[in-house]
Each structure stands twice: as C-alpha cells, then as structure tokens.
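Visitor: any chance you could fold what I've pasted below:
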Amino acid sequence: TKGVCIILVVMAHIGGAFDQLDKHSMLSCFRMPLYFFISGIFFKPYEGLSGFTVRKINKLIIPFIFFYVSAFLLKYIVWKIAPGTFHLPVSWKELLFVFHGHDLIKFNPPIWFLLALFNCNILFYLIHYLRERHLPLMFAATILTGCTGFFLGKLHIELPLYIDVAMTALPFYAAGFWIRRYNFFLFPSHRFDKTIPVFVLLALVVMYFTATTPGMRTNNYPGNIFQVYTAAFAGIFMIMLICKKIKRMSIVSYLGRYSIITLSIHGPIIHFVSPVVSHYIHNGWAEASVLLLLTLAICVLFTPILLKLLLLLQRTIDQKQMNITIVLGDKIPSIKYGGTQRVMWYLGKEMDKRGHKVTFIAGKGSYCPFAKVIELDPAGNLNAQIPADTDLVHFNIPVPDGITKPHLLTIHGNGIPANADRNIVFVSRNHAQRLGSESFVYNGLDWDDYGPANLTLSRKNYHFLGKAAWKVKNMKGAIAVVESIKNAQLDVLG
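Guide: Residues are numbered from 1 along each chain as shown. Here you go, the predicted model:
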C-alpha cells in the first residue's frame with residue numbers, strides 16, 4: 001500500500017496527462033492522508049518519549065536536513081554552471097524557506113511532508129498513552145486535535161514547521177494505528193474478501209459526492225470538515241481493499257519500503273528529466289508515462305546509495321551505533337523450519353533499524369538484504385573470520401578458544417558447551433534456572449511477517465508450535481497437559 005501511495009504522489013507532481021485521472025478530486029482527496037494513515041500502521045512506542053523522539057529524528061529529521069540541503073546545493077551548483085537553467089537567480093536565502101510558514105520549498109517541494117510526519121508522530125505518541133486506561137479520552141483528544149488543525153487552516157493561522165498540518169492529519173495517523181491492530185481486511189484471506197468490489201464501488205460513490213482538493217502542505221481545505229475527512233477515509237479504505245486484492249508486487253513493495261527516499265528525490269529528478277522527455281515526446285499520455293517510469297527507475301537506482309549515505313550520517317551523529325556480528329551455524333534466511341536462524345534474523349533486523357551495523361557469519365548460501373553476510377568456514381579459524389571492526393560478537397554456536405572480542409553466547413538448547421565461559425544468556429527464566437543461571441533474554445519475532453492478530457476470535461484451543469517429530473520438543477508432554485483440561489483441544493502447527 002505504501003508503494004502505491006508514493007507512486008500516486010509522484011504522478012501528482014508530474015501532472016500533465018495524469019491530472020486527467022483526478023476526476024472530481026477523487027485522487028487528491030486521499031493521496032496525502034493515505035501517507036499519514038500508512039505511517040500510523042507502523043507506529044511503535046519504543047522505549048519512552050526521549051527514545052522515540054531520537055528515533056524519529058534519525059528516521060525523518062536527518063533525512064529532511066540531508067535532502068533539503070543537498071537539493072539546494074544541487075540547484076545552486078547547476079545555476080553557477082548554467083545560469084540560464086532557472087528563471088530567477090538562486091539565493092542562499094532560499095535555505096530559510098522552511099521557516100517562512102508554509103512557503104513552497106522550490107528546490108525540493110515534497111519534503112515538507114517529513115517535518116509534518118515527524119510532528120504527527122510526536123503528537124500521537126503523547127495521545128496514545130491514554131489508550132490503556134482512558135480510551136474514550138484518547139479518541140476525543142485525537143478528534144479534537146484534528147478539528148483544531150482543520151479550523152486553524154480555515155482561519156489561515158499557520159503554525160511553524162507544519163505543526164498545524166500534523167494536527168489535521170492526526171486522525172488519519174490514529175486510524176492507521178487502530179487498523180493495524182483491530183481489523184479484518186489486512187488479513188491475507190477473509191470471508192468478506194468476495195465483497196471487496198462492492199465496497200470499492202461504495203467508496204467511489206462516497207468520494208464522488210464529497211471529494212474536494214485538500215492543500216495539506218498549506219493546511220488549506222476548500223470543503224467543510226465532513227467532506228474532507230469522509231472523502232479521505234473513503235479513498236484510504238478503497239486503496240487498502242484494492243491492494244489486498246492485488247496482493248504483492250515486488251517493485252511496488254520496494255518503493256514502499258524506502259518511500260522516504262523516493263519522496264525526497266523525485267522532485268529534483270522530475271525538474272531535470274522533464275525537459276528532456278518533453279523535447280522528444282509530444283504525446284501527453286506518453287510523456288507523462290515515460291517521465292513516471294524514468295523517475296521511479298532513477299529513484300530505485302539511487303535508493304541503495306542514498307540509504308548508505310543516510311546511515312553513515314545517522315551513525316556520525318549518533319555515537320551509540322555499534323558493529324555487531326551474529327554467528328550462526330546454519331543458512332539464513334530460514335525458509336521453513338529453523339527457530340534459531342529465524343529469531344537471530346529478527347534480532348539483526350531490529351538492530352539494523354536502530355542504526356547498528358549488523359554482520360552475519362552463517363552457513364553456505366546465506367544472504368540478507370539488511371546486513372553483510374560472511375560465509376562460515378567450519379574448518380577455518382573462527383576468530384579470523386570475525387570482522388576487525390566488530391564491537392560485539394553474538395555467538396549461537398560454541399565460542400572458539402582464544403576469543404578476544406567482547407562476546408556473548410545464547411544457549412538455545414538444554415545443555416551448555418564444556419568450554420563455555422560466563423558470557424552466557426538463556427531464552428527464558430525457567431531455562432536459565434534449570435541450567436544454574438539467572439541471565440536470560442526472550443526470543444523476539446517480527447509480527448509483520450505473521451499479519452495482525454484478530455483479537456475478536458474465540459480463544460478456546462491450545463497451540464503446539466515446533467518440530468513435532470523432534471522428541472526434545474516434547475509434543476507428548478503438550479498432549480498430556482491439554483488432555484488434563486476439560487473440553488480442551490490441541491492444534492499442532494509444526
């Protein structure tokens with residue numbers, strides 16, 4: 001869905017023939033609200049307001065500064081080399097545009113959204129604390145904040161750094177948060193799937209009669225508050241259902257995963273590529289389509305490079321970044337069974353998200369999109385295979401003799417290697433106590449791989465999740481426990 005969203009944003013900024021698709025503002029009415037909505041789906045509170053703020057500065061403010069300054073410098077250098085490229089001289093004062101209310105950032109217009117999204121994240125973080133004990137108050141605060149932002153726009157009152165835009169967008173963000181947790185249409189399959197065309201048609205009808213063209217950057221809305229939110233939510237609902245029906249497209253998913261890169265660079269790309277395309281292609285639809293494909297292709301091409309630059313910048317600012325090497329004996333990723341590989345994959349993925357450099361030393365044929373992979377040589381000196389810049393080694397196989405790097409060993413089974421030192425952790429309190437220790441860290445899973453839990457379903461059965469044929473998993477013990485419970489049923493999932 002995020003990939004579809006960013007493509008719609010790029011199409012809007014290309015304009016031309018694509019503007020004809022926006023009949024009765026039925027695309028523009030939900031395009032930017034959809035982006036806020038999707039961001040709410042991925043909200044995580046992390047470790048307190050300060051930690052959350054630092055994360056969002058890394059994810060949004062640092063990219064904003066990087067693409068804001070680099071786009072200006074690109075424009076300035078081009079102007080110095082070819083002064084006739086732009087209608088007006090390029091001035092250093094343009095760097096202050098971001099502080100001039102909601103003025104258009106001429107050298108990179110789309111990145112205003114990063115500031116608005118940062119503020120929206122902080123607003124929702126403060127409000128979401130009410131969820132546990134004061135849920136009605138949380139809903140009321142969300143609606144009140146949205147209404148306040150909307151009417152600030154109606155009164156032409158601008159708050160600095162798009163705070164008013166973030167207030168107006170808060171209901172969309174909050175809706176994404178709740179949809180992620182309590183809905184049916186994000187599930188891979190559902191009995192209501194056959195009615196998707198009916199709901200899509202219904203959403204189109206609603207948008208036809210309510211849609212207006214919202215100016216989210218300027219927080220300016222020509223319609224009334226009912227029209228703006230109704231049309232936007234109808235469009236969001238429609239896109240979510242369509243994407244559910246279409247399932248997954250790799251290139252669209254890739255654009256969605258790194259949508260901040262595409263959002264931040266497509267403006268300058270369009271500016272420089274558009275004259276070239278229009279010089280050779282004179283059909284409106286062909287010109288817009290070719291420009292769209294070229295822009296997206298350039299974004300995809302530059303995404304890995306820019307990700308590395310951003311990561312380097314983030315690590316330079318945040319000195320807490322570590323180089324962590326995870327040592328496994330088997331191949332990753334785990335396609336079928338493989339508990340240790342799976343939980344270590346998720347651990348590495350989360351550490352990468354937190355700005356650390358992750359390296360896996362794993363079995364032959366391993367690969368990983370978010371970390372460096374070194375193929376384990378079982379016959380070689382393991383110490384020599386560990387990168388020299390490693391700050392911490394996380395072993396999941398016996399620790400080699402003579403290890404000099406800071407390290408720890410996770411014990412996943414029911415025995416301890418004979419040469420194990422004191423740097424050992426277990427996977428549960430009971431596990432640790434049975435083997436004479438108090439140190440444990442629970443395994444973690446990435447729930448995005450499993451889909452949202454439907455909390456409305458009845459919870460009558462018990463589940464056995466593990467390799468049932470492996471005796472040490474003790475399926476017989478699980479059966480015995482469930483048989484001792486009246487009217488209980490065991491579902492074996494492994």
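Visitor: quick one: residue 222 from residue 68, how far?
Guide: Counting by Cβ to Cβ, to the nearest Å, the gap from residue 222 to residue 68 is 29 Å. C-beta: built from backbone N, CA, C; applies to glycine.
Visitor: which of the two has more neighbours?
Guide: Between residue 222 and residue 68, residue 68 has the larger neighbour count (other Cβ atoms under 10 Å), namely 21 against 12.
Visitor: let me see the mean pLDDT of the host helix or strand of the more buried one.
Guide: In the assignment (DSSP states H and E), residue 68 maps to helix 62-81. Mean pLDDT, helix 62-81: 86.
Visitor: buried residues, that helix. List them.
Guide: Within helix 62-81, the residues scored as buried using 16 or more other Cβ atoms under 10 Å are 62-68, 70-72, 75-76, 78-79.
Visitor: now the residues you listed in CSV, with distance to residue 287?
Guide: Shown next, in CSV, are the buried residues of helix 62-81 (distance: Cβ to Cβ, whole Å):
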residue, distance to residue 287
62, 35
63, 30
64, 31
65, 33
66, 31
67, 26
68, 29
70, 27
71, 24
72, 28
75, 23
76, 28
78, 22
79, 26
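Visitor: looking at the residues you listed, which is nearest residue 115?
Guide: For the buried residues of helix 62-81, the closest approach to residue 115 (Cβ to Cβ) belongs to residue 64, at 6.1 Å.
Visitor: give me the nearest residue to the closest one, chain neighbours excluded.
Guide: Sequence neighbours aside, residue 114 is the residue nearest to residue 64 in space, at 4.1 Å (criterion: Cβ to Cβ, 6 or more residues apart in numbering).
Visitor: pLDDT score for the one you found?
Guide: On pLDDT, residue 114 comes in at 93.
Visitor: ramachandran angles for it?
Guide: Phi and psi for residue 114, reported as degrees, to the nearest 10, are phi -60, psi -40.
Visitor: that one: neighbour count?
Guide: Residues near residue 114, counting by other Cβ under 10 Å: 22.
Visitor: separation between it and residue 298?
Guide: Per Cβ to Cβ, residue 114 is found 20 Å from residue 298.
Visitor: then residue 463?
Guide: Taken as Cβ to Cβ, the span from residue 463 to residue 298 is 47 Å.
Visitor: neighbour count: those two, which is higher?
Guide: More crowded of residue 463 and residue 298, by other Cβ under 10 Å: residue 298, with 17 against 12.
Visitor: element containing residue 409, please.
Guide: Using DSSP H and E, residue 409 sits in strand 407-410.
Visitor: mind listing what that strand pairs with, with the direction of each?
Guide: strand 392-395 (parallel), strand 424-425 (parallel) (DSSP bridges).
Visitor: could you tell me the angle between the longest helix along the chain and helix 62-81?
Guide: Assignment by DSSP state H gives helix 284-317 as the longest helix of the chain. Following axes from the mean of the first three to the mean of the last three Cα atoms, to 10 degrees, one obtains 120 degrees for the angle between helix 284-317 and helix 62-81.
Visitor: list the helices and strands the helix or strand following helix 284-317 packs on?
Guide: Downstream of helix 284-317, the next assigned helix or strand under DSSP H and E is strand 323-327. Where contact means 3 or more Cβ pairs under 8 Å, 6 or more residues apart in numbering; DSSP states H and E, strand 323-327 is packed against helix 339-353, strand 357-362, strand 392-395.
Visitor: ranking the ones you listed by burial, who's on top?
Guide: Among the helices and strands packed on strand 323-327, ranked by average contacts under mean count of other Cβ atoms under 10 Å, first place goes to strand 357-362 (a mean of 24).
Visitor: any buried residues in whichever helix or strand comes after it, and which?
Guide: Sequence-wise, the next helix or strand downstream of strand 357-362 (DSSP H and E) is strand 372-375. Within strand 372-375, the residues that count as buried by 16+ other Cβ under 10 Å are residue 373.
Visitor: got it, and stretch 406-424?
Guide: For stretch 406-424, burial by neighbour count (16+ other Cβ under 10 Å) applies to 407-411, 424.
Visitor: run through who's touching the helix or strand encompassing residue 38.
Guide: Per DSSP H and E: residue 38 is located in helix 31-41. For helix 31-41, contacts defined as Cβ atoms under 8 Å, 6 or more residues apart in numbering pick out 1-2, 5-6, 8-9, 12, 113, 117, 120-121, 124, 169, 172-177, 179-180, 214, 216, 232-233, 235-236, 239.
Visitor: can you rerun that using 6 Å?
Guide: Contacts with helix 31-41, where a contact means Cβ atoms under 6 Å, 6 or more residues apart in numbering, come from 1-2, 5, 8, 117, 169, 172-173, 175-177, 180, 216, 232, 236.
Visitor: residue 227 contacts residue 211, correct?
Guide: No: judged on Cβ atoms under 6 Å, residue 227 makes no contact with residue 211 at a distance of 7.5 Å.
Visitor: neighbour count for the two, which is higher?
Guide: residue 211 (26 against 17).
Visitor: residue 201 versus the more buried one, what's the distance?
Guide: Distance, residue 211 to residue 201, using Cβ to Cβ: 15 Å.
Visitor: state the distance from residue 339 to residue 134.
Guide: The gap separating residue 339 from residue 134 is 39 Å, by Cβ to Cβ.
Visitor: I should have written residue 246 there, sorry.
Guide: With the distance defined as Cβ to Cβ, residue 246 ends up 39 Å from residue 134.
Visitor: try residue 445
Guide: Taken as Cβ to Cβ, the span from residue 445 to residue 134 is 30 Å.
Visitor: over to residue 148?
Guide: In terms of Cβ to Cβ, residue 148 sits 19 Å off from residue 134.
Visitor: for residue 492, same thing?
Guide: Plainly put, residue 492 is 41 Å away from residue 134 if you go by Cβ to Cβ.
Visitor: same deal with residue 251?
Guide: Counting by Cβ to Cβ, the separation of residue 251 from residue 134 is 43 Å.
Visitor: and for residue 357?
Guide: Separation of residue 357 from residue 134 (Cβ to Cβ): 41 Å.
Visitor: repeat for residue 59
Guide: Between residue 59 and residue 134 the computed distance is 28 Å (Cβ to Cβ).
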